[in-house]
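just to be clear, the model below is a prediction. Sequence and coordinates:
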Amino acid sequence: MPSRRVRLGRIEPAAVTVLARLDPVIVVACLFACQGLYGRPVSLPLVYLALLAFILSSPLFGGFELPYLSSAGQAPLSKLPAACSRILVRWGVIVAGLLFVAFAFKVGQVFSRRVLLTWFVITPVALTLSQAVRLRATWFAAQLPTRRYIIVGVNEVGLELARRLPAQGFSGYFDFRSPDRIGPLLEADHMAGHCRDLADYVRTHAVGRVYIALPLANVPRLTALINALRDTTASVYFVPDAFAFDLIQGRVAEINGMPVLSVCDTPFHGTDAVVKRSMDIILGGSAFLLALPMIMLIAVSVKLTSQGPILFRQRRYGLNGEEITVYKFRSMTVCEDGPVVTQATAQDHRVTSVGRFLRKTSLDELPQLFNVLQGTMSLIGPRPHAVAHNEKYRRLINGYMIRHKVRPGITGLAQVNGLRGETDTVEKMADRVRYDLEYLRNWSPWLDLKILFMSLRVVWSDYKSTY
């Protein structure tokens, strides 16, 4: 029996694919162009800088998609102002990250200031021009005659697919049901026919693509439909109903040529995993060095004002539900880590005088920078809970353990949305988990940086309201 293999790829023209993934290359090309502009040779530090810029820009710029135009008459550059704003913001984040690295590791003097300043200015201009070219190219492609396509299946998937495909060339829907059974899902003129007439319609109307958006409930009927389409020259695509599930990082992958649909997965694969870990090492290491004098001062204060260890160690669940040890400055007179752990409350008598200040300002979390550098935690992610709390809430909240598909964080999306500290009800914990899962669905380096700055603002606001 011959080996069956399905290759994963894209279906738009090659030129569109290249244009949609060109921005990280433009960033690096602008750097080398500026170096050559001032007659400076290419050096090893410049190569390292180019590599770092490519890694940072790939997730921020590499995801720009070229939207299909719903109307051939739409202005080709109407989306350019919004695209320009995104480019400026994201390039500003990259520049800030590069400057922070140069400051933290004292390597700024290695590079020419004229080259870097020119690069910082020219790159967003080049990216904006590139965006204008691709928008214009998309508009121009919409004016060209396109082969017709039809969608088989009047359902949620079929309707959503029609919204994402270009309007030009759409010949209508086919379905096994008659129009009167379909009801008000679509207008009557969008119905092209019954599935029994599909193959004849494709042949006589020169249809180029057929998208089958039917559920797999009736395999024999689908098999007969696909076999009938083999007597045509149309390209046939099966569109699975992925929206039937609550997707956590939904994506399509392959296992040695066999396609798989990821329903629940970590967002950190490939380049994204490298970017996430690099941010933790660079930002976490820099924060630790800057906070070292404060860490030493807090350690002395904790030791002198109450009995007990300086650091509080507690077992918590980390990546993939594996047990880790999390460090905090001791802020209470007890160090609970058993099968039953009582959460601290707003006026808890167990909190020490120094501990109350540390908890209010979140300075008790500083030792978790050790965890970040160890690799057991991240700067940004779902907050780790005590093992006893995990065992309690995993039985009460659906999807609770999915939050462990990523490393726990010092701060997270839930914390900057008002869910810091005590979660004294199941409803509050459910809200925290909801934000944690939202973080997994929508992770990006930009989201991490946004949460980081929002966390600093929340801590400062809490400090001002108290003192």
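In hand now; what should we look at?

hey, let's count contacts and neighbours off CA atoms from now on
Will do.

alpha carbons only: can I get stretch 26-36 in CSV?
These are the backbone C-alpha positions of stretch 26-36, laid out as CSV (Å, rounded to 0.1, in the frame of the first residue of the first chain):
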residue,chain,number,x,y,z
ILE,A,26,13.2,44.2,5.3
VAL,A,27,14.2,45.0,8.8
VAL,A,28,17.5,43.2,8.4
ALA,A,29,18.1,44.5,4.9
CYS,A,30,17.7,48.1,6.1
LEU,A,31,20.3,47.5,8.8
PHE,A,32,22.9,46.2,6.4
ALA,A,33,22.0,49.0,3.9
CYS,A,34,22.6,51.7,6.6
GLN,A,35,25.9,50.0,7.5
GLY,A,36,27.0,50.1,3.8
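
show me the contacts for T233.
Going by Cα atoms under 8 Å, 6 or more residues apart in numbering, T233 touches R203, G208.

the one 3 residues further on too?
Applying Cα under 8 Å, 6+ apart to V236 gives the contacts R209, V210, Y211, I212, I226, L229.

distance to T271 and neighbour count for these - can I get that in TSV?
Formatted as TSV, the contacts of V236 follow (distance: Cα to Cα, whole Å; neighbours: other Cα atoms under 10 Å):
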residue	distance to T271	neighbour count
R209	33	19
V210	34	22
Y211	32	20
I212	33	23
I226	38	17
L229	40	19
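
the protein - how does it break down into domains?
14-143, 148-244, 270-466 (automatic domain parsing).

what's the mean pLDDT across the second one?
Spelled out, that is domain 148-244. Over the span of domain 148-244, the pLDDT mean works out to 86.

swap in stretch 329-342?
Per-residue scores along stretch 329-342 average to 63.

ditto for stretch 302-309
83.

how long is that stretch end to end?
In stretch 302-309, first residue to last residue: 8 Å (Cα to Cα, to the nearest Å).

that one: how far from the chain's middle?
Its chain's average C-alpha position is 42 Å from that of stretch 302-309, according to Cα atoms, centre = their mean, to the nearest Å.

oh, and call the first residue 8 from now on, that's how I've got it
Okay, residue one is now 8; in that scheme the one you just asked about reads as stretch 309-316.

please point out which parts of that stretch sit buried.
Within stretch 309-316, the residues that count as buried by 16 or more other Cα atoms under 10 Å are V309, S313.

repeat for stretch 125-138
T125, W126, F127, I129, T130, P131, A133, L134, T135, S137, Q138.

picking that back up, determine which of the domains of the chain approaches P266 most closely.
P266 lies closest, by Cα to Cα, to one member of the domains of the chain: domain 155-251, at 11.8 Å.

what about that closest one, start to end distance?
Terminal-residue distance, domain 155-251 (Cα to Cα): 28 Å.

what residue lies at the spatial centre of the chain?
W450 (2.7 Å; Cα atoms, centre = their mean).

any idea how far that residue is from H392?
21 Å.

in the helix or strand M301 falls within, what counts as buried?
Remark: M301 resides in helix 277-312, with elements defined by DSSP states H and E. Neighbour-count burial for helix 277-312, counted by 16+ other Cα under 10 Å, picks out 279, 282-284, 286-293, 295, 302, 305-306, 309.

helices of the stretch 258-407 of the chain, start to end?
Counting by DSSP state H, counting those that start in this stretch, the stretch 258-407 of the chain has helices at residues 277-312, 360-368, 375-381, 394-400.

got the ones you listed as JSON lines, with distance to A206 columns?
Listed next are those as JSON lines, based on distance: least, Cα to Cα, whole Å:
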{"stretch": "helix 277-312", "distance to A206": "42"}
{"stretch": "helix 360-368", "distance to A206": "68"}
{"stretch": "helix 375-381", "distance to A206": "59"}
{"stretch": "helix 394-400", "distance to A206": "54"}
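
any idea which of these scores lowest on pLDDT?
Per-stretch mean pLDDT for the helices of the stretch 258-407 of the chain is lowest at helix 360-368 (a mean of 80).

which helices and strands does it pack with?
helix 277-312, helix 452-473 (3 or more Cα pairs under 8 Å, 6 or more residues apart in numbering; DSSP states H and E).

pull the distance from that helix to the chain's centre.
34 Å.

likewise stretch 115-129?
30 Å.

and what of stretch 31-46?
Stretch 31-46 has its C-alpha centroid displaced from the chain centroid by 28 Å (Cα atoms, centre = their mean).

which parts of it are buried?
P31, I33, V34, V35, A36, C37, L38, F39, C41, Q42.

next, the angle helix 360-368 makes with the helix holding M301.
150 degrees (axes from the mean of the first three to the mean of the last three Cα atoms, to 10 degrees).

can you name every helix or strand that helix 277-312 contacts?
By 3+ Cα pairs under 8 Å, 6+ apart, helix 277-312 packs against helix 51-68, helix 360-368, helix 375-381, strand 385-387.

just the local confidence number for the closest residue in space to A393 that isn't next to it in sequence, please.
Excluding the flanking residues, the one nearest A393 by Cα to Cα, 6 or more residues apart in numbering is R323, at 4.8 Å. The confidence metric pLDDT takes the value 88 at R323.
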